[in-house]
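S.K.: Could you work out the structure for the sequence below:
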Amino acid sequence: MYAEVDVFITNYTLVDPEIYQLWIDGHCAREAVSILNHRGLGQSAGATVELIASDVLDHYRTYSLLEKLLSNPIKLQEQLAFQIEPLTRQLLIEKYYEFDDTVIRELLGKKLSSKHRKDLDEVSEKTTVPLKSCRRQFDNVKRIFKMVEELPGKIVPNIQRYYLLSEELARKYSCIVFLACLRFETNKRRLQHLHFATLKKCADAIMTSWTYAAASGQEYYETEMDREFLLDLRELRILVDKEKEHKHLVCVSLKPCLLSKLYAELDGNFRVYSRALLTLACSLHRARELRCLFVELAQVLEVWKTAGWTGPDVELFLDAYTRCALEMDVLREADLKLTWERYMKVVTQCLNIMFFN
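M.R.: Below is the predicted model:
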């Protein structure tokens, strides 16, 4: 009589982080072998170039098979064809969805269409990132954008739910999705010097304070601006009529802090600066003006830089400008005061971020 025996054979998928990174970076197998050999792998491991090449090709074949699953991380988590340790699976997903800031900066402001995908060779040449990697990054951005653009609630949890990314990486993608949904202008000449990290911080500030999700929670979309707030901003034109009082309070507050030359410049041009900020506030309810928000802020910064303002000078002025308006009787109504604070909080953050870039 024979005993019944259950046999289970497993074959865990091995992932070499160094080789996987080379594959992610868009290097072909031949380039990867050359890079590894140059790093001294053959000497340290006592392996010939042929053995390294065989190992790299084996890994590359595995990663190519996994790529279809990486486009849908939930499927990778549920599939049974590849036995993958949880930590290794997370590494595969996280690395696959990482991106180069320089590449994403080139993609911002452009439609995620097949036409632009065909033009990625220009992005590759400009950023020195291999074309294959540029295509991976383009496809990932487009895929995530299409998935979450119409989902209610906050973008970061939605991305994490469907793509299993870390909060840090999901937050980066959330800013890309937000900028794309609102179609913010980011490619004008005066904005081209701004890095992706700068635009990300600005997008974060806007999402935190100016969207429906920021004000009302799950039932609204974080990709939608709070229209009532944007319409309420028109009430801030009342500060134009009280410009002299506002100027007096700001100048009194800043006189001990500024050099005499800069104080004289502020005294002579306060109207220009104040009108620029208030005109912007009163026009943001129109879609076109909202899309050009960064262009308008960059224009204000150019004037200040031309006048010799430094970063600390900008911070001092914006703080005093915001605070002194709150001391005026025209902003005594609680709702109007809240609107002013909500507006200036984001504008101040964006101007400071953009100034230092």
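
S.K.: Show me the helices in the stretch 51-200 of the chain, by range?
M.R.: 73-78, 86-97, 101-107, 114-118, 120-127, 131-148, 155-163, 167-181, 196-210 (DSSP state H, counting those that start in this stretch).

S.K.: of all those, which lies closest to Asn187?
M.R.: helix 101-107 (9.2 Å; Cβ to Cβ). Every C-beta, even on glycine, is put in place using the N, C-alpha and C of the backbone.

S.K.: Flag whichever of the helices of the stretch 51-200 of the chain has the least confidence on average.
M.R.: Lowest mean pLDDT within those: helix 114-118, at a mean of 85.

S.K.: What is that helix packed up against?
M.R.: In terms of contacts (3 or more Cβ pairs under 8 Å, 6 or more residues apart in numbering; DSSP states H and E), helix 114-118 is packed against helix 131-148.

S.K.: for this protein, which spans come out with low pLDDT?
M.R.: 1-11, 213-219 (pLDDT under 70).

S.K.: can you put the helices of the stretch 51-200 of the chain in JSON lines and add distance to Gly46 and mean neighbour count?
M.R.: Shown next, in JSON lines, are those (distance: least, Cβ to Cβ, whole Å; neighbours: other Cβ atoms under 10 Å):
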{"stretch": "helix 73-78", "distance to Gly46": "34", "mean neighbour count": "14"}
{"stretch": "helix 86-97", "distance to Gly46": "26", "mean neighbour count": "17"}
{"stretch": "helix 101-107", "distance to Gly46": "37", "mean neighbour count": "20"}
{"stretch": "helix 114-118", "distance to Gly46": "43", "mean neighbour count": "11"}
{"stretch": "helix 120-127", "distance to Gly46": "36", "mean neighbour count": "16"}
{"stretch": "helix 131-148", "distance to Gly46": "31", "mean neighbour count": "19"}
{"stretch": "helix 155-163", "distance to Gly46": "40", "mean neighbour count": "20"}
{"stretch": "helix 167-181", "distance to Gly46": "37", "mean neighbour count": "20"}
{"stretch": "helix 196-210", "distance to Gly46": "42", "mean neighbour count": "20"}
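
S.K.: Tell me which of those sits nearest to Asn269.
M.R.: Of those, nearest to Asn269 by Cβ to Cβ is helix 196-210, at 24.7 Å.

S.K.: Need the contact partners of that closest one.
M.R.: Contact with helix 196-210 is made by 101-102, 104-105, 108, 155, 171-172, 174-175, 178-179, 184, 186, 213-214, 222, 225-226, 229-230, 294, 342, 345-346, 349-350, 353-354, 357, as judged by Cβ atoms under 8 Å, 6 or more residues apart in numbering.

S.K.: before we move on, back to that, format the helices of the stretch 51-200 of the chain as TSV; extra columns: distance to Leu280.
M.R.: Output for the helices of the stretch 51-200 of the chain, formatted as TSV (distance: least, Cβ to Cβ, whole Å):
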stretch	distance to Leu280
helix 73-78	41
helix 86-97	35
helix 101-107	24
helix 114-118	30
helix 120-127	31
helix 131-148	27
helix 155-163	25
helix 167-181	18
helix 196-210	13
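
S.K.: right, and those - which one's nearest Asp335?
M.R.: Using Cβ to Cβ, the nearest of these to Asp335 is helix 196-210, at 15.6 Å.

S.K.: what comes up buried for the helix or strand where Trp304 lies?
M.R.: Per DSSP states H and E: Trp304 is located in helix 293-306. Of all the residues in helix 293-306, those buried under the rule 16 or more other Cβ atoms under 10 Å are Leu293, Phe294, Val295, Glu296, Leu297, Ala298, Val300, Leu301, Trp304.

S.K.: Contact partners for the residue lying closest to Ala203 once chain neighbours are set aside?
M.R.: Counting by Cβ to Cβ, 6 or more residues apart in numbering, Cys175 is the residue found nearest to Ala203 once chain neighbours are left out, at 3.9 Å. Residues in contact with Cys175, defined by Cβ under 8 Å, 6+ apart, are Leu199, Lys200, Ala203, Asp204, Met207.

S.K.: what does stretch 45-64 rub up against?
M.R.: So stretch 45-64 is contacted by 13, 15-16, 19-20, 22-23, 29-30, 32-33, 36-37, 41-42 (Cβ under 8 Å, 6+ apart).

S.K.: Could you rerun that using 6 Å?
M.R.: The contact list for stretch 45-64, computed with Cβ atoms under 6 Å, 6 or more residues apart in numbering, reads Asp16, Ile19, Trp23, Ala29, Ala32, Val33, Leu36, Asn37, Gly42.

S.K.: before we move on, the earlier item: determine the set of other helices and strands touching the helix or strand following the helix holding Trp304.
M.R.: Reading on from helix 293-306 to the C-terminus, the next helix or strand found by DSSP H and E is helix 311-326. Helices and strands touching helix 311-326, as assessed by 3 or more Cβ pairs under 6 Å, 6 or more residues apart in numbering; DSSP states H and E, comprise helix 243-254, helix 334-356.

S.K.: among those, which is nearest Asp119?
M.R.: Judged by Cβ to Cβ, the one of the helices and strands packed on helix 311-326 that comes nearest to Asp119 is helix 334-356, at 27.4 Å.

S.K.: pull the CA atoms of the closest one into CSV?
M.R.: Provided in CSV are the C-alpha atoms of helix 334-356 (Å, rounded to 0.1, in the frame of the first residue of the first chain):
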residue,chain,number,x,y,z
ALA,A,334,-15.6,86.8,8.6
ASP,A,335,-16.3,85.3,5.2
LEU,A,336,-14.4,88.0,3.3
LYS,A,337,-11.5,87.7,5.8
LEU,A,338,-11.4,83.9,5.2
THR,A,339,-11.4,84.4,1.5
TRP,A,340,-8.5,86.8,1.6
GLU,A,341,-6.5,84.5,3.9
ARG,A,342,-7.2,81.5,1.7
TYR,A,343,-6.2,83.4,-1.4
MET,A,344,-3.0,84.9,-0.1
LYS,A,345,-1.9,81.7,1.6
VAL,A,346,-1.6,80.0,-1.8
VAL,A,347,-0.3,83.0,-3.7
THR,A,348,2.4,83.6,-1.0
GLN,A,349,3.5,80.0,-1.1
CYS,A,350,3.6,79.9,-4.9
LEU,A,351,5.5,83.2,-5.2
ASN,A,352,8.1,82.2,-2.6
ILE,A,353,8.5,78.7,-4.2
MET,A,354,8.8,80.1,-7.7
PHE,A,355,11.3,82.8,-6.5
PHE,A,356,13.7,80.3,-5.1
